[in-house]
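Asker: Dropping a prediction and its sequence here:
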Amino acid sequence: MRLRHRWVVWSVGLSIGAAAVGCGIVVQRDLSTVPAGQIGFDDMCGLQEYFDAIEIHTTKPPRVVSGVDLEGHSGGKSIRGGRERFAFDNDFLLGHARRVLMQNWRRLPPEVEHAKSIEIEVRWSEKAGAKRVVTDEPAELGVGSDSWELPYHVCLSELLYGEPLYRQRRAMWGLPLPGASAKTPADGGTPDGATPDAGAVRDASAAADRKPGG
């Protein structure tokens, strides 16, 4: 009787442990303490190559599957926002989407690794003239007919809406597009944060990330 009791307890423990492992996707790389704007400025999400390829049209950006734009007013100011669903469905896009997901989240569903298409749906709001993913609502990660909640991470905003900031970053650093020659900053300075252009890129990124409401 005592042995049976131990077996029941051990079995229940296994079930609880299995449930805990599968309780959902969680953030793996916490960048919440990094100053606003520094993430894009230092390319901490590793997306410069991604946006360079889109810029020179060697790949298309992720396809917008669905979307709705909303406008309203609060405190006498107009507010723009909406929802969009993106599909990453070629080898280049899938490679970068998987890398961003695996670097920044854990407990990802195994379907992500071999998916032929990955879809991500977010709610966005406009900040400093740029779209950004809202911070107070999880995104939706979809593979086929399955979907999972994806907790907010700044690299999701960078992946989906970072193209204008990365274009600025490229110009400030004098980075060449693939197949082009390198350029130096117009004032001959070093892009270490001391030049006006460097500050402009950081400030633009910071303004997009720090305003309230998302």
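Answerer: Alright, I've got the coordinates.
Asker: which stretches of this protein have low pLDDT?
Answerer: For the chain, residues meeting the criterion pLDDT under 70 lie at 1-22, 73-76, 179-214.
Asker: can you give me the strands in it?
Answerer: Applying DSSP state E to the chain gives strands spanning 26-27, 63-74, 77-88, 105-106, 118-127, 130-133, 139-143, 146-150.
Asker: could I get those as TSV with distance to residue 173?
Answerer: The way it works is simple: take the backbone N, C-alpha and C, and place the C-beta from them, glycine included. Supplementary listing: these in TSV, determined by distance: least, Cβ to Cβ, whole Å:
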stretch	distance to residue 173
strand 26-27	28
strand 63-74	29
strand 77-88	26
strand 105-106	28
strand 118-127	23
strand 130-133	19
strand 139-143	29
strand 146-150	30
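Asker: how about a markdown table for the ones you listed, with distance to residue 51 and mean neighbour count added?
Answerer: Output for the strands of the chain, formatted as a markdown table (distance: least, Cβ to Cβ, whole Å; neighbours: other Cβ atoms under 10 Å):
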| stretch | distance to residue 51 | mean neighbour count |
| --- | --- | --- |
| strand 26-27 | 23 | 13 |
| strand 63-74 | 16 | 11 |
| strand 77-88 | 14 | 16 |
| strand 105-106 | 21 | 16 |
| strand 118-127 | 17 | 21 |
| strand 130-133 | 14 | 22 |
| strand 139-143 | 20 | 20 |
| strand 146-150 | 21 | 15 |
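Asker: Looking at these, spot the one closest to residue 178.
Answerer: Of all those, it is strand 77-88 that lies closest to residue 178, at 20.3 Å by Cβ to Cβ.
Asker: now for that closest one, which elements pack on it?
Answerer: For strand 77-88, the packing partners by 3 or more Cβ pairs under 8 Å, 6 or more residues apart in numbering; DSSP states H and E come out as strand 63-74, helix 91-104, strand 118-127.
Asker: try it again with 7 Å
Answerer: With contacts taken as 3 or more Cβ pairs under 7 Å, 6 or more residues apart in numbering; DSSP states H and E, strand 77-88 sits against strand 63-74, strand 118-127.
Asker: Relative to residue 135, which of those is closest?
Answerer: Between residue 135 and those, the tightest spacing by Cβ to Cβ is seen for strand 118-127, at 9.3 Å.
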